[in-house]
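In: below are the sequence and a predicted model; questions follow.
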Amino acid sequence: MHAPPESVVIITGAVGNLGLATARVLYSSEVARWEVEKGARALVDGSAVGDRSVGSADWLVGEVLAYGGAAVVVAPLDLRKRVADRATELERELRAARSVHKAATTG
């Protein structure tokens, strides 16, 4: 995944009176087509960028990680960091589980 093009304007803040944050998400070309159908904007390189209303940071983390690296939170930075932190935690957990499995199967 690459950095967003400089032409992407980052807009964040409250949405209406609901207090929902808005997250800007960059989607790789592998999944961009489906996100464009849901309202994201297609970019010249085949990727797409979309704004998502976020009522729960945990929900956004799960949504972005479900793309398996094909989606990246661009803004706001605090939500971007939460996704990155959770991805790092999951990587550690998976490595530990693989080590235990490998030890159990190799005897």
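Out: Yes, it's here. If you're wondering where the values come from, they're calculated on a predicted model, not measured in any experiment.
In: please count neighbours and contacts with C-alpha atoms only from this point.
Out: Noted.
In: list the buried ones in stretch 70-78?
Out: 70, 71, 72, 73, 74, 75, 76 (16 or more other Cα atoms under 10 Å).
In: same question for stretch 31-39.
Out: 32, 33, 35, 36.
In: could you do stretch 60-67 as well?
Out: For stretch 60-67, the neighbour count (16+ other Cα under 10 Å) marks 60, 61, 64, 65 as buried.
In: quick check, nearest of these to residue 90?
Out: residue 65 (9.8 Å; Cα to Cα).
In: just how off-centre is the lowest-mean-pLDDT helix or strand in the chain within its chain?
Out: Lowest by mean pLDDT, DSSP states H and E among the helices and strands of the chain is helix 77-106, with a mean of 85. Put simply, helix 77-106 sits 16 Å off its chain's centre (Cα atoms, centre = their mean, to the nearest Å).
In: what helices or strands is that helix leaning on?
Out: Helix 77-106 is packed against helix 57-65, strand 71-75, with contacts defined by 3 or more Cα pairs under 8 Å, 6 or more residues apart in numbering; DSSP states H and E.
In: which elements pack onto the first one?
Out: When you say that, I think you mean helix 57-65. Short answer (3+ Cα pairs under 8 Å, 6+ apart): helix 57-65 packs on strand 71-75, helix 77-106.
In: that older thread, which one among the buried residues of stretch 60-67 gets closest to residue 25?
Out: Closest to residue 25, out of all of the buried residues of stretch 60-67 and judged by Cα to Cα, is residue 64, at 8.3 Å.
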